[in-house]
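Trainee: One predicted model, sequence on top.
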Amino acid sequence: MNWAWFHRLGSPPHIYRIAGTLTPWFAWLAGLLIIVALYSGLVLAPPDYQQGDGFRILYVHAPSAWLAVMIYGVMASAAAIGLIWRMKIGHAVAASCAGVGAWFTVVSLVTGMLWGKPMWGTYWVWDPRLTAQLILLFLYLGYLGLRAGFDDLSRADRASAVLAIVGFINIPVIRYSVEWWNSIHQAPSVMKMARPSMPIDMLAPLLMMLLGFTLYFAAVLLVRLRAEILRRERTASWIREVLR
Amino acid sequence: MCELSVKNLHVFRGERYLLKGLEFEVPRGVCLQVAGANGAGKTTLLRVMSGLLEPEALELRWRGGRVSPRDPEYHATLFYLGHDPPLKDDFSAVENVAFNVGIRRSVSRSDVRAALERVGAQRFADLPVRTLSAGQRRRVALAALRLSGTNLWLLDEPVTNLDLAGQSLVVSLIEEHLVHGGLVVAAIHQDLGLSLSRRFSLNVGTGEGLP
Amino acid sequence: MCELSVKNLHVFRGERYLLKGLEFEVPRGVCLQVAGANGAGKTTLLRVMSGLLEPEALELRWRGGRVSPRDPEYHATLFYLGHDPPLKDDFSAVENVAFNVGIRRSVSRSDVRAALERVGAQRFADLPVRTLSAGQRRRVALAALRLSGTNLWLLDEPVTNLDLAGQSLVVSLIEEHLVHGGLVVAAIHQDLGLSLSRRFSLNVGTGEGLP
Amino acid sequence: MSAQRTSTMTAVWLVLQRDLRLATRRPAQLIQPLAFFAVVTLLFPLGYTPELSKLRAVAPGVLWVGALLASMLALESLFREDAGDGTLEQFVVSGQPLVALMGAKTAAHWLLTGLPLTLMAPVLAIALGVSVAAMPGILLSLAIGTVSLSLLGAVGAGLTLGVRRGGVLLALLTLPLAVPVLIFGAKATELAIAGESLTGPLYLLGALAVLGVTLAPIAAAAAVRIGLE
Amino acid sequence: MSAQRTSTMTAVWLVLQRDLRLATRRPAQLIQPLAFFAVVTLLFPLGYTPELSKLRAVAPGVLWVGALLASMLALESLFREDAGDGTLEQFVVSGQPLVALMGAKTAAHWLLTGLPLTLMAPVLAIALGVSVAAMPGILLSLAIGTVSLSLLGAVGAGLTLGVRRGGVLLALLTLPLAVPVLIFGAKATELAIAGESLTGPLYLLGALAVLGVTLAPIAAAAAVRIGLE
Ligand code: HEM
Ligand SMILES: Nc1ncnc2c1ncn2[C@@H]1O[C@H](COP(=O)(O)OP(=O)(O)OP(=O)(O)O)[C@@H](O)[C@H]1O
Ligand SMILES: Nc1ncnc2c1ncn2[C@@H]1O[C@H](COP(=O)(O)OP(=O)(O)OP(=O)(O)O)[C@@H](O)[C@H]1O
Ligand SMILES: [Mg+2]
Ligand SMILES: [Mg+2]
């Protein structure tokens, strides 16, 4: 099997250029989708008959919660590629993912908590999904902490890659166990995040928002990736040509 | 064809190439004395050669074939002794040497004692090494060297903390090893008076090997 | 009357008297080179003299008066440099020296830089010392010595890990200090070629001081 | 001098034996995790309430959190000391598969920490008002659960080798990963105290341990190589 | 070169400043005790129950045990690192009173650990179902209590210097000493949660802190001297 294409794909100048071309597309599309979604979600969609306008925080909360998990997957896959095929670009992608992922996790937690106060009368309950999300935050923090602990980039890359992979294997186990833990205990009835069968005019903005957030993530990832590549390749000659 | 050859060695550390395109060869029975000012990259070279540090690029040949510096088969034929002696403070000299050699090849207690006697450590062979002085610890570490039965010795400043008798001990250990067809790569600042035919010297840091 | 005198020094370690009734004197402008085989008790002597180790008995006189080796006034006049350089890995050389000297006397950044330049450390003065090689770290530690403005230097194998240029640097640092009326007590194995009039040597371990 | 190379089995045995022997050199250290476990478990009633009936309800949580923290604290020293004195470097260049040696070290950690913690737990459980009938269940669940804790900890300890002041970081890395062990373990203990069948959580604990035994030493070996550079 | 000797005040300031600066070199380490505190607090609900009403009852115990352990773990590094690289030896022979320098190190530890832990506690309290009205009381009691913890820990850390694998031993030495702090602290927190007056336990916490400030640095200095020999 010829792997040349694979490595060329992973070559920093190539990626740097492609990322540069793609970023504005992603960014504009994301902006457009988010604005349309916000408009239709916050203005056009009818208020919920139970929650009034409070439910609208959903449009930020749910997409960020989904993305937080998805980004961990992207991060772990990139780290695995970096570790196994020794492709530095994999590590660069993983490193760029972690911060964004942690922020999305924080956003989902904070919006969830703000929403919880009016809905459940408390900022926090130990619901399985909430707990799993909190643990995800700690996984991100551990990853970031480990990276920061090394000064040598290549060591930080490989050590954090091992952690990301171990964490990735563990995430389903953690999710499962947390759900099992709570379903065995009698669940307090207030904290059901019942999946309301959503009317289409509420669902459509949500899906648009999700797509918008994903594209936004892609754009941020590419920008960070370019910065990461510049940092890593600062001594390489192609950088000087690019920056001229 | 030389027993050991290093080609195309690049090491990048902290913003710059520390070693760039270093090349050298070591035949049997020769000690390569790695010279160079402080910070030239001697320790780095030895750690790369023993697979402890990942270089940017390296072509290593050992006994004719290409090997990876992380290959256990290659490791089984070498002994690396770093800046600090690898000793467990709570163990006696005998226990330390028996373990350090033991995980490589089977060795009897009497062999261990003989080796300790050879390096002048018999007097404190049964004390926990935590109570030993810096030079005494170094001697204990050296005892494992000869016992290990390995062919290639990678020594980082092996005479540190040793008194004058200890320094000539190191020289005689090395010379004996060379006579038996061994190879040594050692970072040593002093001129230890190895006979010239057995010593090559390599100046790292300039990027040029001169054996 | 000598500036520094030690009498009746007894140190008991692990079942035996390591130093028994040791006596010596050091006048101003003299370097006492403490010699002795590995394990003779050189490090022990230096640590006792700087108050880090409690001896069984010791009569210490400094500038004419009896002092305790734990007296802060006495400490303020001495500088002790042990086997390992006392440096914080995360700080740069400049920060390390500024702190090590700073808790003793006020010192400006430019003095610190000058001192680092003197020991050949200007090139890596602003790197975190964790990225330095063993010899480079030693140089950084030596920079504090001269800056500290202390009169009595207690040095334990100060040339360890230094290249040849570094070794002569230590000699010239010591000689300069002696010329200004300082005192040095140093454990050094090699003959560093200090001019004889300035060097006494003491063989510890026999229990006899011979200055 | 004919070089009769040591087999991997022998090397594993030597490492295990060495770690155990080292521990006996400082018997005080053998009891340290135990004492820590005891202190944490006993501190909790001090901060909470002296009533046994209430304590019994929190006993599973307290016991497992205590065991988790004790096991983790002892881990710090597992690799750090060997890294500090250069022993780990010798492992890497010994010509033996590093994975096997890491497995041996983890086994030693379990024998020196997990096993004594398990054996100690019934005493503490009694202090928390748990009845004697629950002891077999508590013993069994802790015995299996601590295996996973040692394995996870070995990975964490390896990863933080290269990080100075890694102690707290180690905890931060390892504890979230240990959540499933904690949940199943506490659940098993709870069922044991309630006198019900605990095969369900025990199977899950066992599955985690098996997963750990197969994967953790590989990750730990990779981590150590990186940590030492 | 005129030797203008550094005053004790300046030396104390230099040590304090140095420790704070060192911490900022690794910002990740600044949040580590916080993260650890959070993770330990998280473990309790997982091991016990998700019901907020029950958790609220154990909240004082959980918060104080968590703060205690986080403070203690960070302490390990307080002296160990300085001992390892020879800095403590330099302190001893610096001509400055060792007691003052130990005081400075302890103060730095509190600023870097005790204070952030205190500020973090309300967030965790909310997760355990505590109402917002109780926060001032919780903040105050933790602020005072962590001072004592830092001081006690400094003595313990000094004592374990000479002993390998000090982590667990340190915990052992410090935890029993910390019991009064824990009891009064948890009591104050409990009263705060119940909405009652907490001046009683607060005074006692204050008295402990004052006692600690006067005695602990002396003990720590003595401990360090012995530990270094
Ligand atoms: C701190 C508090 C909260 C956290 C951490 C949190 C976490 C999450 C997570 C992780 C998801 C992703 C969905 C999944 O895993 O399947 C999610 C989705 C969602 N959350 Fe929350 N949540 C919180 C509070 C709330 C509150 C108060 C409500 C409203 C009652 C709510 C309603 C929803 C809805 C409607 C979805 C999307 C639909 C679904 O997947 O069921 N969440 N949340
Ligand atoms: N803690 C201890 N317990 C018992 N004996 C000790 C202890 N520390 C040191 N010793 C003994 O004291 C002796 C002197 O040690 P010291 O470190 O002073 O020697 P040294 O002259 O500095 O040697 P070197 O040249 O190797 O540095 C050694 O023989 C050692 O065994
Ligand atoms: N982690 C690191 N990050 C950046 N640079 C490093 C790192 N480690 C070492 N270096 C640099 O590599 C160079 C070589 O170090 P090395 O330890 O190999 O030198 P050496 O020749 O052994 O010196 P010495 O004689 O002092 O032992 C030094 O200049 C040092 O600054
Ligand atoms: Mg070196
Ligand atoms: Mg010595």
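Mentor: Alright, I've got the coordinates. Ligands and ions are numbered 1, 2, ... in the order given.
Trainee: List the buried residues for stretch D:208-223?
Mentor: Neighbour-count burial for stretch D:208-223, counted by 16 or more other C-beta atoms under 10 Å in any protein chain shown, picks out D:208-209, D:211-212, D:216-217, D:219-223. Where C-beta positions appear, they are placed from N, C-alpha and C, glycine not excepted.
Trainee: Could you break chain B into its assigned domains?
Mentor: Chain B resolves into domains spanning B:1-77+B:152-211, B:87-150 when parsed by automatic domain parsing.
Trainee: ranking those domains by burial, who's on top?
Mentor: Among the domains of chain B, judged by mean count of other C-beta atoms under 10 Å in any protein chain shown, the one packed with the most neighbours on average is domain B:87-150 (a mean of 21).
Trainee: Off-centre distance for it?
Mentor: Chain-centre distance of domain B:87-150: 16 Å, with C-alpha atoms, centre = their mean, to the nearest Å.
Trainee: quick one: is it near chain D?
Mentor: Yes - Domain B:87-150 comes into contact with chain D (C-beta under 8 Å from any C-beta of the partner chain), by way of B:87-91, B:95, B:99-100, B:102-106, B:128, B:149-150.
Trainee: Same question for stretch B:60-73.
Mentor: Yes - judged by C-beta under 8 Å from any C-beta, stretch B:60-73 and chain D are in contact via B:70, B:72-73.
Trainee: what about that stretch and chain A, any contact?
Mentor: No - residues of stretch B:60-73 are not located near chain A by C-beta under 8 Å from any C-beta, the shortest gap being 12.6 Å.
Trainee: What's the mean pLDDT across that stretch?
Mentor: For stretch B:60-73, mean pLDDT is 91.
Trainee: Work out the gap between it and the centre of the chain.
Mentor: Counting by C-alpha atoms, centre = their mean, stretch B:60-73 comes out at 17 Å from the chain centroid.
Trainee: quick one: contacts for the closest residue to ligand 4 within chain A?
Mentor: Nearest to ligand 4 in chain A, going by C-beta to the ion, is residue A:152, at a distance of 17.1 Å. Residue A:152 makes contacts with B:13, D:229, as judged by C-beta atoms under 8 Å, 6 or more residues apart in numbering or on different chains.
Trainee: I'd like to know how far it sits from residue B:116.
Mentor: Here residue A:152 is placed at a distance of 38 Å from residue B:116 (C-beta to C-beta, to the nearest Å).
Trainee: helix/strand/coil for residue B:185?
Mentor: Put simply, residue B:185 is strand when judged by DSSP: H, G, I helix; E, B strand; the rest coil.
Trainee: still on that earlier bit, in strands only, show me the residues of domain B:87-150 next to chain D.
Mentor: Applying DSSP state E to the residues of domain B:87-150 next to chain D, no entry is found in strands.
Trainee: and residue A:53, how many neighbours does it have?
Mentor: Number of residues near residue A:53 (other C-beta atoms under 10 Å in any protein chain shown) recorded here: 11.
Trainee: low-scoring stretches of chain B, by residue?
Mentor: B:1, B:14-15, B:195-201, B:204-211 (pLDDT under 70).
Trainee: For it, which segments count as helices?
Mentor: Counting by DSSP state H, the segments of chain B that form helices are B:42-49, B:72-75, B:93-102, B:109-118, B:134-147, B:164-179.
Trainee: and the first one, does that touch ligand 3?
Mentor: Same thing as helix B:42-49. Yes - legend: contact between helix B:42-49 and ligand 3 by C-beta under 6 Å from any ligand atom is shown at B:42-44.
Trainee: Quick check: phi and psi on the residue in chain A that chain C sits nearest to?
Mentor: In chain A, the residue that lies nearest chain C is residue A:151 (7.2 Å; C-beta to the nearest C-beta). Main-chain dihedrals, residue A:151, degrees, to the nearest 10: phi -100, psi -20.
Trainee: my read: it touches residue C:90, true?
Mentor: No - the pair residue A:151 / residue C:90 is not scored as a contact, 9.2 Å apart, by C-beta atoms under 8 Å.
Trainee: Now list whatever residues contact both of these two.
Mentor: Common neighbours of residue A:151 and residue C:90 (C-beta under 8 Å, 6+ apart) are C:128, C:130.
Trainee: Can you say which of the helices of chain B is nearest to residue E:78?
Mentor: helix B:134-147 (27.1 Å; C-beta to C-beta).
Trainee: and the angle from the closest one to helix B:164-179?
Mentor: Put simply, helix B:134-147 runs at 10 degrees to helix B:164-179, going by axes from the mean of the first three to the mean of the last three C-alpha atoms, to 10 degrees.
Trainee: tilt between helix B:134-147 and strand C:183-187?
Mentor: Using the same axes, to 10 degrees: helix B:134-147 against strand C:183-187 is 20 degrees.
Trainee: Please see if helix B:134-147 touches chain E.
Mentor: No - Helix B:134-147 lies apart from chain E when judged by C-beta under 8 Å from any C-beta; the minimum separation is 13.8 Å.
Trainee: Next, see if that helix gets close to ligand 2.
Mentor: Yes - shown here: helix B:134-147 in contact with ligand 2 (C-beta under 6 Å from any ligand atom) through B:134-136.
Trainee: List the contacts of stretch A:96-106.
Mentor: The contact list for stretch A:96-106 (C-beta under 8 Å, 6+ apart) reads A:64-65, A:67-68, A:71-72, A:74-75, A:78, A:133, A:136-137, A:140-141, A:143-144, A:147, A:160, A:213, A:217, A:220-221, A:224-225, A:227-228.
Trainee: which of these are buried?
Mentor: A:64-65, A:67-68, A:71-72, A:74-75, A:78, A:133, A:136-137, A:140-141, A:143-144, A:147, A:160, A:213, A:217, A:220-221, A:224-225, A:228.
Trainee: Closest one of the residues of helix B:134-147 next to ligand 2 to ligand 2?
Mentor: Ranked by distance to ligand 2 (C-beta to the nearest ligand atom), the residues of helix B:134-147 next to ligand 2 are led by residue B:135 at 2.6 Å.
Trainee: Give me the nearest residue to residue A:209, chain neighbours excluded.
Mentor: What sits nearest to residue A:209 in space, not counting adjacent residues and going by C-beta to C-beta, 6 or more residues apart in numbering or on different chains, is residue A:37, at 4.2 Å.
Trainee: Now do the particular helix or strand that has that neighbour in it: which elements does it pack against?
Mentor: In the assignment (DSSP states H and E), residue A:37 maps to helix A:12-38. Packing partners of helix A:12-38 (3 or more C-beta pairs under 8 Å, 6 or more residues apart in numbering or on different chains; DSSP states H and E): helix A:88-120, helix A:200-232, helix A:237-243.
Trainee: gap between the closest residue to residue D:144 other than its chain neighbours and residue D:142?
Mentor: Leaving aside its sequence neighbours, residue D:144 sits nearest to residue D:205 (C-beta to C-beta, 6+ apart; 4.6 Å). According to C-beta to C-beta, residue D:205 and residue D:142 sit 9 Å apart.
Trainee: what residues do those two have in common as contacts?
Mentor: residue D:185.
Trainee: Any stretches of chain D with poor pLDDT?
Mentor: Short version for chain D, where the test is pLDDT under 70: D:1-3, D:28, D:47, D:165.
Trainee: which residue is nearest the middle of it?
Mentor: residue D:150 (3.3 Å; C-alpha atoms, centre = their mean).
Trainee: Doesn't that one lie inside a helix?
Mentor: Yes - counting by three-state DSSP, one finds residue D:150 located in a helix.
Trainee: Kindly reformat the domains of chain B as TSV containing distance to chain C.
Mentor: Shown next, in TSV, are those (distance: least, C-beta to the nearest C-beta, whole Å):
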stretch	distance to chain C
domain B:1-77+B:152-211	3
domain B:87-150	3
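Trainee: So for ligand 5, which of those domains sits nearest?
Mentor: domain B:87-150 (4.6 Å).
Trainee: start to end distance for the closest one?
Mentor: By C-alpha to C-alpha, to the nearest Å, the extent of domain B:87-150 from end to end equals 19 Å.
Trainee: Fine by me, thanks again.
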